[in-house]
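1. Sequence first, then the predicted structure, then my questions.
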Amino acid sequence: MTAWRTLHRRSLAASSVLSVAIATPVAAVLFRVLPRDWPAPALVATIAGAAALVVAGALVFDLVRLRTTAWRLTDDRLELRSGIVFREHRSVPRDRIRSVDLTADPVRRALGLAVVRIGTGEHASGERTTLTLDPLSRHAAEELRGALLHEIGEPHSGDPHGDRPLATLDWSWLRLAPLTVWTVAGGALVAGVAYKPLNALGVDLFEPGVVADLWHWVTTRPWLAVPLLLAANALVGLAGALVVFATTWGGYRLEREPGRLKLSKGLLTTRSLTIQERRLRGVELAEPLLLRLGGGARVKAVTTGLREKEENEADDAGTLTPPMPRELAAQVAGRIIRAGHPVLRPHPAAARTRRLRAAAVWTVLLTAAVAVAIRSVSWPVSWSWLWAVPAFVLPLALWLAADAYRGLGHALGERHLVTRSGSIVRRTVALDREGVVGWTVSESYLQRRLGLITVSATTAAGDGHYDLLDVGTEEGLELAARAVPDLLGPFLTRRVGRPGP
Amino acid sequence: MRTVAGAHPRRRRTAAVMLRPPRNQVDARAVKAWTAELLLLAVPVAAAAVAAYWIFTSHPVWLTVLTGGFAALVLGFAVVAPHAYYRLERWEVTGEAVYTRKGWFTHVWRVAPMSRIQTVDTERGPVKRLFGLADVTVTTASAAGAIKIEALDHEVAVALAERLTALTQAAPGDAT
């Protein structure tokens, strides 16, 4: 029987350093709150005592956690015992393990530690699908990764690029980094986020006096002030986007090891994620509108058993590349699945009709809503300005509708079903035909009149289903029947010159 | 070519390729069971609307028409919809796949291959139990792929679940 192993003791050093991050604001707040007339030594002693208490508390908690957590790797299972109050024993069969993720923030990195997260493919809702070992020594972590993902190490041949990594960071991609909504939100967002903690420390960004002065300044010289404020906002957003890109994607590298993909990234907090290739069901080329207008795209993995996006993460775990030029992204996607990019077929013109009609309907509804709002609220604008709503919204809606139609496309590759749709976020997904676990065909009342259907391939990976939106009825059904032999085919009827019932 | 029973009667356009309707209709008691289930929802909603109108307003004519219309619509839906559902809901289990059709305004066909089925459950809500009916739910590894065969005779549902479980176990693979 394999012996139980503990987490690494240097975790105590890491948690004491990290607890300083909590102790500092506590000290700052105390310094402001405590009465001014206390003698200096008492003031210092109280503050130092409080800070020491925070650090000591963190240390004790971590010590107990280290004492109560144990793990072991047997021949066929990975087991983890944990929990201080509620004891928990989790045991995962090794062949269920889909991905191994190593993370090291600057503190843990300096101490030679790494947090290991092991993803399993369970789809049970509400159940945690990752096992976390926080932390192991860097060496032990690498060793565990090697051991867990060892068995699938049959070397592939046929990749003409050999050992060259699939992609490495090119700093010129930094120009694509600002192309997100966050840049536009920019400074306003930063001020909003910073407001609370700064306020607690006694710095009030929005003191009545300041706000009034600012408002006065803006209203007296709007032609100077408004552009200036917008520029400042954009500048802060730009700087933020560049910093986020650099810290997230610095040192980025995507490699293929035998039977698996390995992604490394992070300038300060390093992360490396390993995905078993046999769990890969395809790739997605994601092009959010701004990034698309700038000629960029990013590649995501369609895979089973990757953990869900965590709250404090900018990207979900399936993201395989930073924003990069579209051509290059398409190439990387092709190399990941070892298939060329087939030419996509457009969808019937009826799909465009449907989108344009929807745009018109939404414009009418929005105008009506604004009209009602003007009528019911004593709004400072008069009826004569109502025309501005459709005048502004209609072109935008029509453009989005036409763009969404242009985005529609599908193809059946040798091994993959390729679908493309979306305007705000255009996604091109190549889904492994072997990964299709069923079909859902739906036909709404409007679609029925236009001769369209939506065919969706259900799969265990990624979103759970990938859709061919508004495809022609015959084309969609034939495609689904060909994509997975003998699944939909037996339920099709082909009418040869026979009128309807 | 086989004559297709139960094809959608209002279909005017005829595509050269179509999905044929699954072979089996749901149990005839389904209409009553669905009506009961929908009325259990619709009656309180309609009653609440009428009560609110009666207690809180001064009964203006336009609101009388609106409330009356709303109540009639909700109750009418509960009575009419089950007949439409019954006409359209069909299911079929072959040696290779489970195949269903449902929906009134939006028709939905679902297929799942036997080799990819992970679990088979039977379910009986209180109303369904009253009418001796049960639902069978078939799930695949996909988060979006559960197929529900509704309102079968309880005996039929149990037998079907057993048959599906046996067929599923016979099929190889880990179903992802």
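-> Everything's here; your move. Numbers count the residues shown, from 1 in each chain, chains lettered A, B, ... in the order given.

2. Can you classify A:Lys262 by secondary structure?
-> Three-state assignment for A:Lys262 (DSSP: H, G, I helix; E, B strand; the rest coil): strand.

3. According to the record, where do the domains of chain A fall?
-> Domain ranges of chain A: A:11-148, A:176-248, A:250-337, A:349-491, per automatic domain parsing.

4. and the third one, how far out from the chain's middle?
-> On the basis of C-alpha atoms, centre = their mean, to the nearest Å, domain A:250-337 sits 10 Å off its chain's mean C-alpha point.

5. when you scan that domain, is anything in it near chain B?
-> Yes: residues of domain A:250-337 are located near chain B by C-beta under 8 Å from any C-beta of the partner chain, namely A:Thr304. All C-beta spots, glycine's among them, are computed from the backbone N, C-alpha and C.

6. now that domain: mean pLDDT?
-> For domain A:250-337, mean pLDDT is 84.

7. so where do the strands sit in chain B?
-> Under the criterion DSSP state E, chain B contains strands at B:17-19, B:24-25, B:90-93, B:97-102, B:107-113, B:117-123, B:133-140, B:147-153.

8. Contact partners for the spatially closest residue to A:Gly407 that is not a sequence neighbour?
-> Excluding its sequence neighbours, the residue lying closest to A:Gly407 (C-beta to C-beta, 6 or more residues apart in numbering or on different chains) is A:Arg426, at 4.9 Å. By C-beta atoms under 8 Å, 6 or more residues apart in numbering or on different chains, A:Arg426 lies in contact with A:286-289, A:292, A:407, A:420.

9. Just the residues you listed: which are in strands?
-> Judged by DSSP E, the contacts of A:Arg426 include A:286-288, A:420 as members of strands.

10. Include neighbour count when you put these into a markdown table, please.
-> Compiled in a markdown table, these are given as follows (neighbours: other C-beta atoms under 10 Å in any protein chain shown):
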| residue | neighbour count |
| --- | --- |
| A:Ala286 | 21 |
| A:Glu287 | 24 |
| A:Pro288 | 20 |
| A:Arg420 | 22 |
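
11. Spatially, which two of these are the most separated?
-> Based on C-beta to C-beta, the longest span within the ones in strands among the contacts of A:Arg426 runs between A:Pro288 and A:Arg420 and measures 14.3 Å.

12. Throw the strands of chain B into CSV and include mean pLDDT, distance to A:Val436 and mean neighbour count, thanks.
-> Below are those laid out as CSV (pLDDT from 0 to 100; distance: least, C-beta to C-beta, whole Å; neighbours: other C-beta atoms under 10 Å in any protein chain shown):
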stretch, mean pLDDT, distance to A:Val436, mean neighbour count
strand B:17-19, 89, 17, 19
strand B:24-25, 92, 25, 18
strand B:90-93, 94, 19, 21
strand B:97-102, 93, 12, 24
strand B:107-113, 93, 9, 22
strand B:117-123, 87, 14, 17
strand B:133-140, 91, 10, 22
strand B:147-153, 91, 15, 23
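
13. quick one: which of the domains of chain A is nearest B:Val98?
-> Closest to B:Val98 of the domains of chain A, according to C-beta to C-beta: domain A:349-491, at 8.7 Å.

14. what distance separates that closest one from the centre of its chain?
-> 22 Å.

15. which residues of chain B fall in helices?
-> Counting by DSSP state H, chain B has helices at residues B:30-56, B:61-88, B:126-130, B:154-170.

16. out of the ones you listed, nearest to A:Ser137?
-> With C-beta to C-beta, the closest approach to A:Ser137 among those belongs to helix B:154-170: 44.4 Å.

17. Check which residues of the closest one are buried.
-> For helix B:154-170, the neighbour count (16 or more other C-beta atoms under 10 Å in any protein chain shown) marks B:154, B:156-157, B:160-161, B:164, B:167-168 as buried.

18. was I right about A:Asp470 contacting A:Thr353?
-> No: assessed by C-beta atoms under 8 Å, A:Asp470 is found out of contact with A:Thr353, at 9.9 Å.

19. Who has more neighbours out of the two?
-> Shown here are A:Asp470 and A:Thr353; by other C-beta atoms under 10 Å in any protein chain shown, A:Asp470 has more neighbours (27 against 16).

20. got the contact list for A:Leu267?
-> For A:Leu267, the contacting residues are A:246-251, by C-beta under 8 Å, 6+ apart.
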